[in-house]
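Participant: turn this into a structure:
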Amino acid sequence: MNETVKSWLHAIGISGDENHWVYWTITLVVIGAIVFLADVLCRRLLVPLVKQLIKRTRSSWDDVLFNDTLLKDITRLVPPILIFVLFPMAFTSGHPMVELLLKVNAIYFIVVVAKLLCTFLSSLYDLSNRQNNLKNHPLKGVYQMLKIVVICVALIVIVSVLIDKNPGYILTALGASAAVLMLVFKDMILGLVAGVQLSANDMLRPGDWISMPKYGADGDVVEVTLTTVKVQNWDKTITTIPPYALVSDSFQNWRGMKESGGRRVKRSVYIDMRSISFCTEEQLAEFERKGWLDGIEREDKFIVNLHVFRNYLEDYLRKHHRVNQKLTIMVRQLQPTAQGLPLELYFFSDGTDWIPYEHLQSEIFEHVFAVLPTFGLRVFQSPMGIDFSKQDSGNLGLELGEHS
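Facilitator: Numbering: from 1, shown residues only. Below you'll find the predicted structure:
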């Protein structure tokens, strides 16, 4: 092509000297026109044709993978490739200006390739989020690390082009400063390792409810990146946690509770032990009439009112439509304390939503407090000031009566 251009210039009466500015101008204009025309053809004809072919396929993965951004990045490869092909044909190799232009073109080509690979990784991430077996894994940090590797390799190759050195030379120099690099990229390296551990062990997924009091986190995981895990707390604040902290420290993941379909209720009512006694005949007759003695052995004529109350509560919980009947239901006594005898209700709600869960707790314990006197039982409550004032008033009345 070099000789062809010279002959064309001679034919129109212009010097074919390669160092002449006219030769350079015309040749660059011709190459620029070819590159521009090829770029326009790719954008206006090739890209729409590929889009039509993608739309006709039944699968949806190609729509996500070959999106508009990726196709545009692919078309950006055409100009530098044509320049690599046309420049050696139009100009003699070794010319300083040619070498400079080829070097600039090589840098542009490297940047375009790096951008294309990053876009491809983003498309792969979007595609993985659509897969049921992958969308719940914290893969964003892994893809971010791959993008960083692509960018670092691109920078090394660009530097090698600028200084005319082999990339291995730069890698050798970087290896000597590995300690400094590890110090600079410490968080990224730890984040990558932690992300792999979190994903491999299925310890954390976006959308999980986690509690980590050390970092003040209690809410849903919004995003898992290379350097941070974002948690939206229940008060709508955002807490960021380093990924490696989730591996090195302990945290509570409530995913198992959500998957079980029930949320545990474990609360106690403190019974005044002075109100615990054997049932009278009248009480037994009343309990028998209401069916509260079902399941209690009647051979022992001494039946304790607390025993009947526990039996009643278990039956009440098993018949409640908002209590999960597939999970544990239990009413048990705990170790007596100075505040009375703890009677613990242990059951699960039929659902994991917060507001219905709180309403269920309130409803059940309101019923417990209301029905206690029916069994002759009392809830323990520390004396208040009004109790002492009533006692003093009573003593004063007795004294006045005696004096009168």
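
Participant: how about low-confidence regions in the stretch 301-404 of the chain?
Facilitator: Filtered on pLDDT under 70, the stretch 301-404 of the chain yields the residue ranges 384-404.

Participant: and the helices in it?
Facilitator: In the stretch 301-404 of the chain, the helices defined using DSSP state H, counting those that start in this stretch lie at 305-319, 354-371, 385-403.

Participant: using PDB, list the CA coordinates for the particular helix or strand that has Val193 in it.
Facilitator: Counting by DSSP states H and E, the element that carries Val193 is helix 186-200. Output in PDB follows, covering the C-alpha atoms of helix 186-200 (Å, rounded to 0.1, in the frame of the first residue of the first chain):
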ATOM      1  CA  LYS A 186      -4.900  -5.200  52.500                       C
ATOM      2  CA  ASP A 187      -8.600  -4.500  52.800                       C
ATOM      3  CA  MET A 188      -9.200  -5.700  49.200                       C
ATOM      4  CA  ILE A 189      -7.300  -8.900  49.700                       C
ATOM      5  CA  LEU A 190      -9.000  -9.600  53.100                       C
ATOM      6  CA  GLY A 191     -12.300  -8.700  51.500                       C
ATOM      7  CA  LEU A 192     -11.800 -11.100  48.600                       C
ATOM      8  CA  VAL A 193     -10.800 -14.000  50.900                       C
ATOM      9  CA  ALA A 194     -13.700 -13.200  53.300                       C
ATOM     10  CA  GLY A 195     -16.100 -13.000  50.300                       C
ATOM     11  CA  VAL A 196     -15.000 -16.500  49.100                       C
ATOM     12  CA  GLN A 197     -15.500 -17.900  52.600                       C
ATOM     13  CA  LEU A 198     -18.900 -16.300  53.100                       C
ATOM     14  CA  SER A 199     -20.000 -17.600  49.700                       C
ATOM     15  CA  ALA A 200     -18.500 -21.100  50.000                       C
END
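
Participant: so for it, what gets flagged as buried?
Facilitator: Of all the residues in helix 186-200, those buried under the rule 16 or more other C-beta atoms under 10 Å are Met188, Leu190, Gly191, Leu192, Ala194, Gly195, Val196, Leu198, Ser199. Every residue, glycine included, has its C-beta placed from N, CA and C.

Participant: what residues of the next helix-or-strand element following it count as buried?
Facilitator: For helix 186-200, the succeeding helix or strand toward the C-terminus, using DSSP H and E, is strand 209-212. Residues Trp209, Ile210, Met212 are the ones in strand 209-212 that count as buried (16+ other C-beta under 10 Å).

Participant: which residue packs closest to the first one, ignoring adjacent ones?
Facilitator: Translated: Trp209. With C-beta to C-beta, 6 or more residues apart in numbering as the criterion, Trp209 has its nearest non-adjacent residue at 4.1 Å, and that residue is Trp254.

Participant: before we move on, what about His321?
Facilitator: Here the residue nearest His321, using C-beta to C-beta, 6+ apart, is Asp350, at 7.5 Å.

Participant: got the contact list for the one you found?
Facilitator: Counting by C-beta atoms under 8 Å, 6 or more residues apart in numbering, Asp350 makes contact with Gly261, Gly262, His321, Arg322, Val323, Asn324, Gln325.

Participant: between whatever helix or strand Leu284 lives in and helix 305-319, how big is the angle?
Facilitator: Using DSSP H and E, Leu284 maps to helix 281-290. Between helix 281-290 and helix 305-319, the angle comes out at 10 degrees (axes from the mean of the first three to the mean of the last three C-alpha atoms, to 10 degrees).
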